[in-house]
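In: Quick one, structure for this:
(2 chains)
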Number of protein chains: 2
Amino acid sequence: MRFDAFDAYLCDLDGCLIAENALLPGAAELIALAGDRLRVFSNNSTQTPATLSLRLARLGLDIPAERILLAGAAAVEVLARRPGIRLALYGSAGLRAHARACGLDPAATEPTHVLVTGDRGLTCADLHAIVAHAARGAAVIGANPDASRPGPDGIPIPETGALLAAIRTVLPDIRLSTFGKPSGEFYRYALERTGPGRRVLAIGDTPETDGLGARRMGLPVAIVGPASQRFASLPELIGANPDFGLDRHRADLCAG
Amino acid sequence: MRFDAFDAYLCDLDGCLIAENALLPGAAELIALAGDRLRVFSNNSTQTPATLSLRLARLGLDIPAERILLAGAAAVEVLARRPGIRLALYGSAGLRAHARACGLDPAATEPTHVLVTGDRGLTCADLHAIVAHAARGAAVIGANPDASRPGPDGIPIPETGALLAAIRTVLPDIRLSTFGKPSGEFYRYALERTGPGRRVLAIGDTPETDGLGARRMGLPVAIVGPASQRFASLPELIGANPDFGLDRHRADLCAG
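Out: Residues are numbered from 1 along each chain as shown, chains lettered A, B, ... in the order given. This is a model prediction of the structure:
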């Protein structure tokens, strides 16, 4: 199967399409090739699809919000579907507004669920509140398991996973799960949005999240960038036109 | 040696003398018995001796600032003695003022040392800045290794150690040390202030910090409270008048 013959591309954002505020080589080509088959599929937990769509437009990428799937916003939507949820959301103003738009009070008292994100504004006082909710029995959900994301200057930017490590240090026996890649929940959310029976290629730069998550779901996956054994960059991936099989065995071969 | 025959008592604060804003049984008796031989010796890294002295006075305990030894403030003082230190201090306004009083700029650019404390106001953005300093080669010092301290309602309050876990998750190979108990540096600071050749008893409620640290220094130590095998409370310790030996072997016997 040729690279351009897929029905949908679940493409990671940071390290694939952009690095902080710069477009990466091949991003514009991929979007031209994929058109409305492209989905931005990212563990980002600070932005919403709407705010990220605006940010990408400023970088010259035209990707409407409905084709942007973000772990933080998706976790909110998935929680909002469950009956009886009382949510305490620790995250950006945008994400709290997203929760309200989904019918959830993001600051419920006596929450059943706590959603932790890697927002810059989170404080030690918030960490204390999260620990208190957890000690009283609330389930703690990390928007994603990533310890950090790559910063513009090569310095890692702490992410949700770093906060989860702090919480685990205080309460080692805590009930804790994560939503973003490689968790199957985030892939099921994405595939539901893509529609059944589609031929989907996952593209990412991190074997531990993009690679592992896609392989678990039986999706073919292309890893690009320094961590890949096959595709040093997105242009190389596009240009190679490799024969992407859809069976699990071939998916493993493509996992880089 | 009788309990009241020591020249100095290095007494832990939280869990020994007070629990958040309440005096614990025996605290007033111990202070009456020990007088100016009592030193408050705590891994606290948010207050300064002056602000804690005021807080204790409000609780009815008269302990002047010069007899209060706090890990955060002591770490600042010890760093201030070293030549060529450029400090980035992540902590309370009070601790930053303490650093300035010691002749250090608490917000040095290109710091050689980063001091991390468990201050409530610290944010994920601060965590990013700490990681950036560390990635550029600064030594990271945690004011203390404690993951949490006991809160008034039994809910643990995250402390410096929880933040250090977050930092380590982002940069596993980081150069990282801690200052407070059980580190010998904090004991040496305390014993220097107490004067040479004194008979010193350490009192605490945590075997992993108060107990381990004192035993390493060859000090006799009495552990009180739930974690102790001998003294359920401070009054029991004072009333027992046990024979506290000053040799290392006897110290081990007293470690609870």
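In: pretty sure A:Pro235 is touching A:Ala27, no?
Out: No: if you go by C-beta atoms under 8 Å, A:Pro235 and A:Ala27 don't touch, sitting 9.5 Å apart. Just so you know, the C-beta spots here come from the backbone N, C-alpha and C atoms, and that holds for glycine as well.
In: Please say which of the two ends up with more neighbours.
Out: A:Ala27 (21 against 16; other C-beta atoms under 10 Å in any protein chain shown).
In: and the more buried one, what does it touch?
Out: A:16-18, A:61, A:234 (C-beta atoms under 8 Å, 6 or more residues apart in numbering or on different chains).
In: So of those, which two are at opposite extremes in space?
Out: Using C-beta to C-beta, the pair of those lying farthest apart is A:Leu61 and A:Leu234, separated by 12.7 Å.
In: more crowded one of the two?
Out: Legend: neighbour count by other C-beta under 10 Å for A:Leu61 and A:Leu234, higher for A:Leu234 (23 against 19).
In: Show me the helices in the stretch 1-150 of chain A, by range?
Out: Assigned by DSSP state H, counting those that start in this stretch, the stretch 1-150 of chain A shows helices spanning A:27-34, A:49-58, A:71-81, A:93-101, A:124-135.
In: Please indicate which of these has the most neighbours on average?
Out: helix A:71-81 (a mean of 23; mean count of other C-beta atoms under 10 Å in any protein chain shown).
In: Name the surrounding residues that touch it.
Out: In contact with helix A:71-81 (C-beta under 8 Å, 6+ apart) are residues A:42-49, A:85, A:87, A:89, A:91, A:95, A:98-99, A:102-104, A:113, A:115, A:117, A:141, A:143-144, A:179-181, A:185-186, A:189-190.
In: Can you pick out the ones from those residues that are in strands?
Out: A:42, A:87, A:89, A:113, A:115, A:141 (DSSP state E).
In: Now the buried members of the contacts of helix A:71-81.
Out: A:42-49, A:85, A:87, A:89, A:91, A:95, A:98-99, A:102, A:104, A:113, A:115, A:117, A:141, A:143-144, A:179-181, A:185-186, A:189-190 (16 or more other C-beta atoms under 10 Å in any protein chain shown).
In: ok, which of the ones in strands among the contacts of helix A:71-81 also contact chain B?
Out: Residues of those in contact with chain B (C-beta under 8 Å from any C-beta of the partner chain): none.
In: Let's have those residues in TSV, adding pLDDT.
Out: As requested, these are exported to TSV (pLDDT from 0 to 100):
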residue	pLDDT
A:Ser42	98
A:Leu87	98
A:Leu89	98
A:His113	98
A:Leu115	98
A:Ile141	98
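In: follow-up on the earlier one: and of the helices of the stretch 1-150 of chain A, who's closest to A:Pro226?
Out: helix A:27-34 (16.7 Å).
In: Now the closest one: average pLDDT?
Out: Helix A:27-34 shows a mean pLDDT of 94.
In: Report the inter-axis angle for it versus helix A:49-58.
Out: Angle, helix A:27-34 to helix A:49-58, by axes from the mean of the first three to the mean of the last three C-alpha atoms, to 10 degrees: 110 degrees.
In: and the end-to-end length of stretch A:118-131?
Out: 16 Å (C-alpha to C-alpha, to the nearest Å).
In: Just the mean pLDDT for that stretch, thanks.
Out: Mean predicted confidence for stretch A:118-131 is 95.
In: Ok, stretch A:63-79 next?
Out: Mean predicted lDDT for stretch A:63-79 stands at 98.
In: Put the alpha carbons of it into PDB.
Out: Taking C-alpha atoms only, stretch A:63-79 is exported to PDB below (Å, rounded to 0.1, in the frame of the first residue of the first chain):
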ATOM      1  CA  ILE A  63      -6.000  22.400   9.900                       C
ATOM      2  CA  PRO A  64      -9.600  22.900  11.200                       C
ATOM      3  CA  ALA A  65     -10.300  22.200  14.800                       C
ATOM      4  CA  GLU A  66     -12.400  19.100  14.000                       C
ATOM      5  CA  ARG A  67      -9.300  17.400  12.600                       C
ATOM      6  CA  ILE A  68      -7.300  18.100  15.700                       C
ATOM      7  CA  LEU A  69      -7.300  15.400  18.400                       C
ATOM      8  CA  LEU A  70      -5.600  16.400  21.700                       C
ATOM      9  CA  ALA A  71      -5.200  14.100  24.700                       C
ATOM     10  CA  GLY A  72      -6.300  16.700  27.300                       C
ATOM     11  CA  ALA A  73      -9.400  17.900  25.400                       C
ATOM     12  CA  ALA A  74     -10.300  14.300  24.400                       C
ATOM     13  CA  ALA A  75     -10.000  13.100  28.000                       C
ATOM     14  CA  VAL A  76     -12.500  15.700  29.000                       C
ATOM     15  CA  GLU A  77     -14.900  14.700  26.300                       C
ATOM     16  CA  VAL A  78     -14.600  11.000  27.100                       C
ATOM     17  CA  LEU A  79     -15.200  11.700  30.900                       C
END
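In: How far away from the center of its chain is it?
Out: Distance of stretch A:63-79 from its chain centroid, counting by C-alpha atoms, centre = their mean, to the nearest Å, is 9 Å.
In: tell me which parts of the stretch 151-256 of chain A are close to chain B?
Out: Going by C-beta under 8 Å from any C-beta, the residues of the stretch 151-256 of chain A near chain B are A:151, A:153-158, A:161-163, A:165-171.
In: Which members of those residues occur in strands, if any?
Out: A:156-158.
In: So which of these wins on neighbours?
Out: A:Pro158 leads these on contacts (other C-beta under 10 Å) with 30 neighbours.
In: which residues pair with that one across the strands?
Out: Beta-bridge partners recorded for A:Pro158 (DSSP bridges): A:Ser148.
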